[in-house]
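Engineer: Build me a model:
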Amino acid sequence: MKFIIIILGLVLFGQENSFAKLIPDSKFNPRVPTPTFISEHPNLCFDQGHLNLGPGDGRHDPVLKLLESDGYQITILKSAFDEKTLEACRVLYISSTMAASEDQSGFTTQEIEIVKTWVERGGGLLLMTDHPKMLAIAPEKLANAFGVFGSIKTVEDSKRTVTGLNDPTVIYFSEKEMNKKT
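Structural biologist: Below is the predicted model:
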């Protein structure tokens with residue numbers, strides 16, 4: 001099964017001057033009522049080897065718990081990508097990658113080619129980008145290798161902005177809005 005999921009411009013970490021702080025809900029325990037993987041447990045490799053934001057602070061725990069609940073086995077990758085490492089992965093999950101400086105990619109040219117070849121051979125990629133600028137530029141060349149091009153912009157919603165924060169990037173959706181059928 002070959003698939004690529006790339007999410008651009010997520011407002012997960014706020015902007016550079018944001019007053020809001022991401023605080024994971026440690027009590028949230030997601031459960032998948034009917035897991036996709038019961039007898040087989042595909043390996044989801046979670047990248048933490050590219051100056052990723054948040055290792056060990058719990059910010060990714062809810063999504064990792066959700067994926068485990070669906071039957072994935074989670075492996076944390078703490079080094080550069082190579083063919084041998086990716087062989088063991090069904091899905092590569094890259095989030096919150098940073099680079100040493102604002103004008104650099106978070107991945108070497110060799111790593112980008114390795115990931116691209118791995119996906120072409122059937123691997124699954126979940127690539128999440130964000131702002132501030134450093135979080136948007138670091139994964140840009142990897143996304144571009146798959147024909148995905150974004151911009152370094154901010155998502156704002158004047159109707160759902162959390163009042164009192166003076167930050168239009170912090171958006172609130174009620175439970176009713178989140179569960180609304182379209």
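
Engineer: any weak-confidence spans in the protein?
Structural biologist: For the chain, the stretches with pLDDT under 70 are 1-22, 54-56, 131-132, 151, 153-156, 169, 173, 175, 177-182.

Engineer: Go through it and flag its longest helix.
Structural biologist: As assigned by DSSP state H, the longest helix anywhere in the chain is helix 109-120.

Engineer: List the buried residues in that one.
Structural biologist: 111-112, 114-116, 118-119 (16 or more other Cβ atoms under 10 Å). For glycine as for every other residue, the C-beta is placed from the backbone atoms N, C-alpha and C.

Engineer: would JSON lines of those with distance to A100 be doable?
Structural biologist: Output for the buried residues of helix 109-120, formatted as JSON lines (distance: Cβ to Cβ, whole Å):
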{"residue": "E111", "distance to A100": "14"}
{"residue": "I112", "distance to A100": "16"}
{"residue": "I114", "distance to A100": "20"}
{"residue": "V115", "distance to A100": "19"}
{"residue": "K116", "distance to A100": "22"}
{"residue": "W118", "distance to A100": "24"}
{"residue": "V119", "distance to A100": "25"}
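
Engineer: which one of the residues you listed sits closest to L64?
Structural biologist: Of all the buried residues of helix 109-120, L64 sits closest to V115, with 20.1 Å by Cβ to Cβ.

Engineer: how near is the spatially closest residue to that closest one that is not a sequence neighbour to G122?
Structural biologist: Excluding its sequence neighbours, the residue lying closest to V115 (Cβ to Cβ, 6 or more residues apart in numbering) is F81, at 5.9 Å. Distance, F81 to G122, by Cβ to Cβ, to the nearest Å: 16 Å.
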